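K.L.:
Any chance you could fold what I've pasted below:
(chains A and B)
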Amino acid sequence: MDLSGISPILLLASLMVASTPILLAALGELVVERAGILNLGVEGMMITGAITGFATAVATGSPVLGFLGAAAGGAALSVLFAVLVLWLKSNQVATGLALTLFGLGLASLVGQSYNGIRAPEMADITIPVLSELPVLGPILFQHDWVVYLGLALVAAVWWFLRTQAGLTLRAVGENHEAAHALGYKVLRLRFFAILFGGACAGLGGAYLSLVRVPQWTEGVTAGAGWIALAIVVFASWRPLRLLLGAWLFGGISVLQLNLQAANVPVPVEVLSMAPYVITILVLVLISSGRGRAALAAPGSLGQPFHASR
Amino acid sequence: MSEVLLAIRGLTKAYPGVVANSEVSFDIRPASVHALLGENGAGKSTLVKTIYGLVRPDAGAMVLAGQAYAPPEPRAARAAGVAMVFQHFSLFDALNVAENIALGMENPPALGVLAQRITEVSREYGLPLDPRRTVGDLSAGERQRVEIIRCLLQSPRLLIMDEPTSVLTPQEVEILFRTLRQLRDEGLAILYISHKLEEIRALCEEATILRGGRVVATCDPRSTSARQMAEMMVGGTLKTPTRAASVGGEVVLEVQGLTAAPTRLHGQALRDVTFSVSRGEVLGIGGVAGNGQDELLLALSGEMRVAPGMVRLRSDPIGSLRPSERRARGLLCAPEERNGHAAASDMTLTENALLTGRVREGLARRGFVDWSAARGFAERIIASFDVRTPGPQATARSLSGGNLQKFVIGREILQRPDVLVVNQPTWGVDASAAASIRQALLDLASKGAAVVVVSQDLDELMEISDRFAALNEGRLSPARPAHGLTVEEIGLLLGGAHGMEVAHHAH
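P.N.:
A predicted model of the protein is given here:
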């Protein structure tokens, strides 16, 4: 065992990278849940984005186009969910689970011919001056553009929820009957929220297949979508806390990889399951105490909306 | 006074299987309060939804201040100067007052500016409000102020109020009326919907009465008695509940020092609630919603368990028993929210009858349901309580509010309870169904059962209670004989006006 090989600065820098996919996916889900819809299909939309993004990037040679393809892929799958849940009034939990299963199968089918192919490389953007800062420079300012996009999206969602449009979105999630009575288009608004959630999940998935791995392997998301769902609850549906949560879980997954490399005398299997076990523990802790987690939950979360006329 | 603000001409709206409005025509004048009366299902809410742009009529037209008026959505209605205060408040608990008001406005100003205007307008009309408070923490009266201020900020010409007083204390009603009269004097037209006929007599100059979707009568409420109006609504004569002499007897249900935490967010803790009920007695518990009624019901029914000695049935401690064990011993409950709590909406009446009747009616044997017995029980309820339904195979959801309420209450009464606790037995139920439910409760008491009625309807409690107690912020006042209590005394027991001020508008 050799812990001296673990550099705190590198650890934190890779934490930023490791947290990006779950951050993106969780941010999308946060907006969806704020609009009152529970989409458990994050994992399925992520892996769909991972393969559509990967295929686009390989075909065009451009990672940027790859991410666009990923967003489109994730969003396309979310349209399926939106139509089923919003207009056909299917059960949100069951539909979300089915979406995950469907996405996993679809990605594996489409991915058949991509097994083992490497993705086109993506360069890091080193921000001048800031990246020269000691400690902070390597941690914060020497990453690829998607990391910055993730942070920018957190800020954008934080700001959006304070605007008039964001207030409407929260109102729809809080009490859809009342929002309807005031004349807001509940279903239309939720449709766009779900679309945004799908696109974000797709981006997160593509970050795994294009940057983190970076090649196509089946089941590349490996439960990241479920962690993203947990982080939304962990963050009490607030964007800034969401960032903390994503860093926490990104940090745990990076740390366990480092510990594995350092030959810590703990079985590899135990280390690998650490992020998932900790997800469960955090959810249990947050949910213990009567309705602590439910306190911040949007009032209409998961309930179907039938316009009365 | 002869000019017309809103002329309604021949409005017709049909839904599959029911005509909600048929050729409805009447006029609303500026600077007047116009009452819209009718039983549940008479078409009042469809009509106001049409005026507010939530429903599009199949036929007919409206003219607002000389211009053709057919709002495709509430936005258009608000732009034309029509505002509405909803019966079930259209508020968002997790948002603050200013945010809630911004949501109901076209092009709201920045929240800071809006907060300033809310403070000004609310002072001007004697309805003080703090724009930064979270709506979920407000009392019912304060929540209504939020709705009213939201309407007033848009300088409406017509204000629609749907059952505005059902959740207010008498003092709060008085303040509301002064505000409404002040608004009327400023030229506003108000369309006022209420079941409370005495209020309409006190406030309104004109009344239009709907029955079965048609206008059946118009009258001047100031010169028409409440009974006459009720009979126009029902289309027949109305029976007032009567009771046989009270039996009087030993105490059956005793609640001693009942203290419990709230069961949900924005709930109310119970604080040292103490009361007892005797055989043959009706105890009325009044109070504005959200003062601990739900928690009290849960503690009595057994859905929330408390220390054993806090609830005693025939001096046995039962506070820690589950609902079915309490049922077996004779303590039965009929909660409010008939769809969802008292009854499972998508299940048939037979299944719903089984749900609470299983223990006492012996509807299950060796773990198997005796369906023919359950159906028989449901049929007995339907027959004994005049529930209008195709039969026990109908789902609870398909029944109208009044009919389902008769079913839910009847289901408990037929199980021969020793103690029956009901919450809001006639909420949203039309006059004739309400009268028959009250009569059934009185009959039950005269046969020797103890009855606890929790209600926000003070007239109802005065009509059927032997003793009256008020629940305010989780505390129960000592019970007093209901006979001879005045409205003012009751209002004070209910916690007065919750800091409401009378309008002090300076012109």
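
K.L.:
ok now do the residue in chain A positioned nearest to chain B, which residues does it touch?
P.N.:
Among all residues of chain A, residue A:183 sits closest to chain B, at 3.3 Å; criterion: Cβ to the nearest Cβ. Backbone N, C-alpha and C define where each C-beta goes, glycine included. Counting by Cβ atoms under 8 Å, 6 or more residues apart in numbering or on different chains, residue A:183 makes contact with B:53-54, B:73-75, B:78.

K.L.:
okay, now residue 270: neighbour count?
P.N.:
As the question left the chain open, I've gone with chain A. Using other Cβ atoms under 10 Å in any protein chain shown, the number of residues around residue A:270 comes to 11.

K.L.:
Correction: the question concerned chain B.
P.N.:
Using other Cβ under 10 Å: residue B:270 sits among 28 other residues.

K.L.:
From residue B:458, how far off is the closest residue to it other than its chain neighbours?
P.N.:
Once flanking residues are discounted, residue B:270 sits nearest to residue B:260: 4.5 Å by Cβ to Cβ, 6 or more residues apart in numbering or on different chains. Per Cβ to Cβ, to the nearest Å, residue B:260 is found 25 Å from residue B:458.

K.L.:
same check, this time on residue B:277
P.N.:
Relative to residue B:458, and taking Cβ to Cβ, residue B:277 is found at 19 Å.

K.L.:
how would you label residue B:11: helix, strand or coil?
P.N.:
When classified by DSSP: H, G, I helix; E, B strand; the rest coil, residue B:11 comes out as strand.

K.L.:
And for the closest residue to it other than its chain neighbours, the neighbour number?
P.N.:
Closest residue to residue B:11 apart from its sequence neighbours, by Cβ to Cβ, 6+ apart: residue B:60 at 3.6 Å. Neighbourhood size, residue B:60 [other Cβ under 10 Å]: 18.

K.L.:
Assess the claim that residue B:60 and residue B:14 are in contact.
P.N.:
No. Using Cβ atoms under 8 Å, residue B:60 is not in contact with residue B:14, being 11.8 Å away.

K.L.:
near chain A, which residues of chain B?
P.N.:
With Cβ under 8 Å from any Cβ of the partner chain as the criterion, chain B meets chain A at residues B:49, B:53-55, B:73-75, B:78, B:86, B:88-95, B:99, B:102-104, B:108, B:261, B:264-265.

K.L.:
Can you give the distance of stretch B:420-428 from its chain's centre?
P.N.:
Relative to the centre of its chain, stretch B:420-428 is centred 10 Å away, using Cα atoms, centre = their mean, to the nearest Å.

K.L.:
Same check on stretch A:155-164?
P.N.:
Using Cα atoms, centre = their mean, the offset of stretch A:155-164 from its chain centre is 18 Å.

K.L.:
Is chain B within reach of that stretch?
P.N.:
Yes. Residues of stretch A:155-164 contacting chain B under Cβ under 8 Å from any Cβ: residue A:164.

K.L.:
quick one: buried residues of that stretch?
P.N.:
By neighbour count on 16 or more other Cβ atoms under 10 Å in any protein chain shown, the buried set for stretch A:155-164 is A:157-158, A:160-161.

K.L.:
could you list every residue that touches residue A:182?
P.N.:
A:171, B:74, B:90, B:103-104.

K.L.:
The closest residue to chain A within chain B: neighbour count?
P.N.:
Nearest to chain A in chain B, going by Cβ to the nearest Cβ, is residue B:74, at a distance of 3.3 Å. Residues within reach of residue B:74, counting by other Cβ under 10 Å, total 21.

K.L.:
leaving aside the residues next to it on the chain, what's closest to it?
P.N.:
Residue B:74 sits nearest to residue A:183 (Cβ to Cβ, 6+ apart), 3.3 Å away.

K.L.:
Report pLDDT for that neighbour.
P.N.:
Per-residue confidence at residue A:183 stands at 83 (pLDDT).

K.L.:
buried sites along stretch B:361-372?
P.N.:
For stretch B:361-372, the neighbour count (16+ other Cβ under 10 Å) marks B:361, B:363-364, B:370 as buried.

K.L.:
again with stretch A:60-75
P.N.:
Neighbour-count burial for stretch A:60-75 [16+ other Cβ under 10 Å]: A:63, A:66-75.

K.L.:
Any chance of those residues in a markdown table with distance to chain B and secondary structure as columns?
P.N.:
Below are the buried residues of stretch A:60-75 laid out as a markdown table (distance: Cβ to the nearest Cβ, whole Å; DSSP: H, G, I helix; E, B strand; the rest coil):
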| residue | distance to chain B | secondary structure |
| --- | --- | --- |
| A:63 | 40 | helix |
| A:66 | 39 | helix |
| A:67 | 34 | helix |
| A:68 | 35 | helix |
| A:69 | 37 | helix |
| A:70 | 33 | helix |
| A:71 | 30 | helix |
| A:72 | 32 | helix |
| A:73 | 34 | helix |
| A:74 | 29 | helix |
| A:75 | 28 | helix |
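
K.L.:
Turn those residues into CSV, columns for pLDDT.
P.N.:
CSV is the format used below for the buried residues of stretch A:60-75 (pLDDT from 0 to 100):
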residue, pLDDT
A:63, 91
A:66, 94
A:67, 95
A:68, 96
A:69, 96
A:70, 96
A:71, 96
A:72, 96
A:73, 96
A:74, 96
A:75, 96
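
K.L.:
how about low-confidence regions in the stretch 1-150 of chain B?
P.N.:
In the prediction, the stretch 1-150 of chain B carries residues with pLDDT under 70 at positions B:1-2, B:17, B:40, B:87-89.

K.L.:
now the strands for it?
P.N.:
For the stretch 1-150 of chain B, the strands defined by DSSP state E, counting those that start in this stretch occupy B:6-15, B:18-28, B:33-37, B:59-64, B:67-69, B:82-85.

K.L.:
what comes up buried for the first one?
P.N.:
In this case it means strand B:6-15. For strand B:6-15, by 16+ other Cβ under 10 Å, it's B:6-8, B:11-13.

K.L.:
try the fifth one
P.N.:
By 16+ other Cβ under 10 Å, the buried positions in strand B:67-69 come out as residue B:69.

K.L.:
Direction included, what does it pair up with?
P.N.:
strand B:59-64 (antiparallel) (DSSP bridges).

K.L.:
which residues sit against the partner strand?
P.N.:
B:4-12, B:23-25, B:50-51, B:68-70, B:80-82, B:157-158.

K.L.:
before we move on, back to that, shouldn't the residue nearest to residue B:270 be in contact with residue B:306?
P.N.:
Yes. The criterion here is Cβ under 8 Å, and residue B:260 meets it with residue B:306 at 5.6 Å.

K.L.:
before we move on, the earlier item: for the residue of chain A closest to chain B, helix, strand, or coil?
P.N.:
Residue A:183 - assigned by three-state DSSP - is coil.

K.L.:
Next, give phi and psi for it.
P.N.:
phi 100, psi 10 (degrees, to the nearest 10).

K.L.:
Spell out, range by range, the helices that occur in the stretch 401-507 of chain B.
P.N.:
Secondary structure of the stretch 401-507 of chain B (DSSP state H, counting those that start in this stretch): helices at B:401-413, B:431-446, B:458-464, B:487-493.

K.L.:
same thing with the stretch 151-300 of chain B?
P.N.:
Secondary structure of the stretch 151-300 of chain B (DSSP H, counting those that start in this stretch): helices located at B:170-185, B:197-203, B:226-234, B:293-301.

K.L.:
hey, where'd the helices end up in the stretch 201-309 of chain A?
P.N.:
So, for the stretch 201-309 of chain A - with DSSP H, counting those that start in this stretch - the helices run A:224-234, A:239-261, A:268-287, A:292-296.

K.L.:
by how many degrees do the longest one and helix A:224-234 diverge?
P.N.:
The reference is to helix A:239-261. 130 degrees (axes from the mean of the first three to the mean of the last three Cα atoms, to 10 degrees).

K.L.:
Thank you, goodbye.
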